[in-house]
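A.B. asks: sequence isn't available, so here's the structure alone:
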């Protein structure tokens, strides 16, 4: 496809000055090369030459490292600004990336490069000394300490900035150093810098002059602290207030997103099906269960006891059958071997009541754990239908005979069915412990099918 040539005088837009992820140390040279339109290798060679010219390259590199943001930080800032222009805050929060903040796959490589550079410089100095060259070691060692401390401090800038961004977005600190570790490294770097400066200054000063200078510096710093303390406290209060507001905004966005995805959608369905009372009730109950679970329980977690498992089965049956199932749970309901069989039998009883009885179904689950005996869980499923005689059920109908009674018997429990004109009650009982309840692997298989 033919594209028109650029008009005279027009130039391609220059990319912004950002530190890139294709880094050896901090990505300064690569970012500067991309901004100026030159090669990365050329820029690195030029920076090394400037470093040999009285250390100007090191100062320039450090200055750009501190002041120039990285590509990751720039992308997050653009994302935050764009979120304000979206139609609502919930949509913005749902579109936030979920990957970890501050992940730097080249961090280990950078450390290796720094260690290798330090070893190379040390080797060159030792080789020069062995060759007979004379060095002013009283100046070299302080310079080494100052450089090491500065590098240690500067390497913590990106890490701490990533932690702040992650905290503001509500993400965890998994995979990042702890705050105490960062402060310890920062203190160690500052100590190295201060020690190097003291050693450097002590070369030309007496001990008395050094102490006098230290006292003067302390007095000056104390005066600065007194003058700047109110401003610093106000800045800190503003910072904490802003961070707290971001956290509250993130929480409100999560709530708004969930309400939009669940409650508002259900209300829209209820408006469309306002004439179908049974369907409206089923939708409202399903939404109530889902909202209660989201507010008070862990989401997307498998049931851990008999009561929660039966509630989950009842919710599924309510979603597929026009029936209301009320469940009451009491006592210790932590099961063990045979728990799945008890839940399956209770599901079959609720399914039969939903299919054949009509009306609401009541379920009562009670667990007992005596001090010196086995734990016992009983489940009572009651409907208000016309009732039936279990002896009149055809031989080829296995829902009650095998899926309920036979299943409970095979797993060491019992099932009792009482039916009359006012309804049917299925009572299930299973004892856990002392080998009374048998697991599915030790019991014979259930070759059953649904239906009474």
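C.D. replies: Everything's here; your move. Predicted model, so just to flag it, every value in this text is computed and none were measured.

A.B. asks: going forward, measure contacts between C-alpha atoms and count neighbours the same way
C.D. replies: Noted.

A.B. asks: which residues are in contact with stretch 43-55?
C.D. replies: With contact meaning Cα atoms under 8 Å, 6 or more residues apart in numbering, stretch 43-55 is reached by 29, 30, 32, 33, 56, 57, 58, 61.

A.B. asks: and the helices in the stretch 201-350 of the chain?
C.D. replies: Ranges of helices in the stretch 201-350 of the chain, per DSSP state H, counting those that start in this stretch, are 207-258, 264-272, 277-296, 306-320, 339-352.

A.B. asks: most tightly surrounded among these?
C.D. replies: Across those, averaging neighbours per residue (mean count of other Cα atoms under 10 Å) puts helix 339-352 on top, at a mean of 24.

A.B. asks: next, the angle helix 306-320 makes with that helix.
C.D. replies: With axes from the mean of the first three to the mean of the last three Cα atoms, to 10 degrees defining the directions, helix 339-352 sits at 30 degrees from helix 306-320.

A.B. asks: packing partners for helix 339-352?
C.D. replies: Helix 339-352 makes packing contacts with helix 306-320, strand 375-382, helix 407-410, strand 423-432 when contacts are defined by 3 or more Cα pairs under 8 Å, 6 or more residues apart in numbering; DSSP states H and E.

A.B. asks: report the next helix or strand after it in sequence order.
C.D. replies: Sequence-wise, the next helix or strand downstream of helix 339-352 (DSSP states H and E) is strand 361-368.

A.B. asks: one step back: can you put the helices and strands packed on helix 339-352 in TSV and add mean pLDDT?
C.D. replies: Shown next, in TSV, are these (pLDDT from 0 to 100):
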stretch	mean pLDDT
helix 306-320	83
strand 375-382	90
helix 407-410	87
strand 423-432	88
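
A.B. asks: quick one, which of the ones you listed is nearest to residue 290?
C.D. replies: Closest to residue 290 of the helices and strands packed on helix 339-352 is helix 306-320 (Cα to Cα; 9.5 Å).

A.B. asks: next, the angle from the closest one to strand 375-382.
C.D. replies: Using the same axes, to 10 degrees: helix 306-320 against strand 375-382 is 20 degrees.

A.B. asks: which elements pack onto helix 306-320?
C.D. replies: Secondary-structure packing of helix 306-320 (3+ Cα pairs under 8 Å, 6+ apart): helix 277-296, strand 325-331, helix 339-352.

A.B. asks: any weak-confidence spans in the stretch 51-200 of the chain?
C.D. replies: Judged by pLDDT under 70, the stretch 51-200 of the chain has its weakly predicted residues at 53-56, 66-67, 71, 73-139, 155-179.

A.B. asks: likewise for the stretch 251-400 of the chain?
C.D. replies: Ranges of the stretch 251-400 of the chain meeting pLDDT under 70: 258, 261, 278, 293, 295-304, 335-336, 393-399.

A.B. asks: okay, the helices of the stretch 201-350 of the chain in a markdown table with distance to residue 184 next?
C.D. replies: What follows is those, written out as a markdown table (distance: least, Cα to Cα, whole Å):
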| stretch | distance to residue 184 |
| --- | --- |
| helix 207-258 | 21 |
| helix 264-272 | 50 |
| helix 277-296 | 39 |
| helix 306-320 | 47 |
| helix 339-352 | 52 |
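
A.B. asks: and residue 17, which of those helices is closest to it?
C.D. replies: Residue 17 lies closest to helix 207-258 among the helices of the stretch 201-350 of the chain, at 27.2 Å (Cα to Cα).

A.B. asks: please pick the buried ones from the contacts of stretch 43-55.
C.D. replies: Buried members of the contacts of stretch 43-55, scored by 16 or more other Cα atoms under 10 Å, are 29, 30, 32, 33, 57, 58, 61.

A.B. asks: just to check, the first one is in contact with residue 40?
C.D. replies: Yes: proximity of residue 29 to residue 40 meets the contact threshold set by Cα atoms under 8 Å, at 6.3 Å.

A.B. asks: so which of the helices and strands packed on helix 339-352 is nearest residue 268?
C.D. replies: Closest among those, once you apply Cα to Cα, is helix 306-320, at 17.2 Å.
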